[in-house]
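**Student:** pasting the sequence and the predicted coordinates here, then a few questions.
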Amino acid sequence: MAHIVFAPAIQRHVASPARDIAAATVRSALDAVFELQPELRGYILDDQAQLRRHMAIFVDGRAIADRRGLGDALRQDSRVYVLQALSGG
């Protein structure tokens, strides 16, 4: 199962434990988490179900390519990290 982790900055707003999820894509992994924790959806996705601008997702150490459809593939042993993007100087 893929392992999905939500960064501490997200956890300050919505407590979200790390979970092991059986999923083939980032979208299906997030949907599985949202079924368990619906309040997390609005924080991660916008009203068009796309990743919010201030969010970033990494799969196995690489930023996802598909920020709209979230169709990046997951392996059985993938590690998925959901973070708030930082900006400023």
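**Tutor:** Good, I have the coordinates.

**Student:** can we go C-alpha only for contacts and neighbour counts from here?
**Tutor:** Will do.

**Student:** tell me what the helix or strand bottoming out on mean pLDDT in the chain is packed against?
**Tutor:** For the chain, scoring each helix and strand by mean pLDDT, DSSP states H and E identifies helix 8-11 as the least confident one, at a mean of 91. Packed against helix 8-11, as judged by 3 or more C-alpha pairs under 8 Å, 6 or more residues apart in numbering; DSSP states H and E, are the following elements: strand 79-84.

**Student:** what pairs with the strand it packs on, parallel or antiparallel?
**Tutor:** Strand partners for strand 79-84, identified by DSSP bridges, are recorded as strand 2-6 (parallel), strand 55-59 (antiparallel).

**Student:** mind checking which of the ones you listed is nearest residue 31?
**Tutor:** If you check each of the strands paired with strand 79-84 against residue 31 by C-alpha to C-alpha, strand 2-6 wins as the nearest, at 11.9 Å.

**Student:** how about low-confidence regions in this structure?
**Tutor:** Segments of the chain classed as low confidence (criterion: pLDDT under 70) are 87-89.

**Student:** pretty sure residue 59 is touching residue 81, no?
**Tutor:** Yes: assessed by C-alpha atoms under 8 Å, residue 59 is found in contact with residue 81 at 6.5 Å.

**Student:** got the buried residues for the least confident helix or strand of the chain?
**Tutor:** Residues residue 10 are the ones in helix 8-11 that count as buried (16 or more other C-alpha atoms under 10 Å).

**Student:** ok, now stretch 59-73?
**Tutor:** 59, 64, 67, 70, 72.

**Student:** so what touches it?
**Tutor:** Among residues not part of stretch 59-73, those counted as contacts by C-alpha atoms under 8 Å, 6 or more residues apart in numbering are 24-27, 49-51, 56-58, 74, 78-81.
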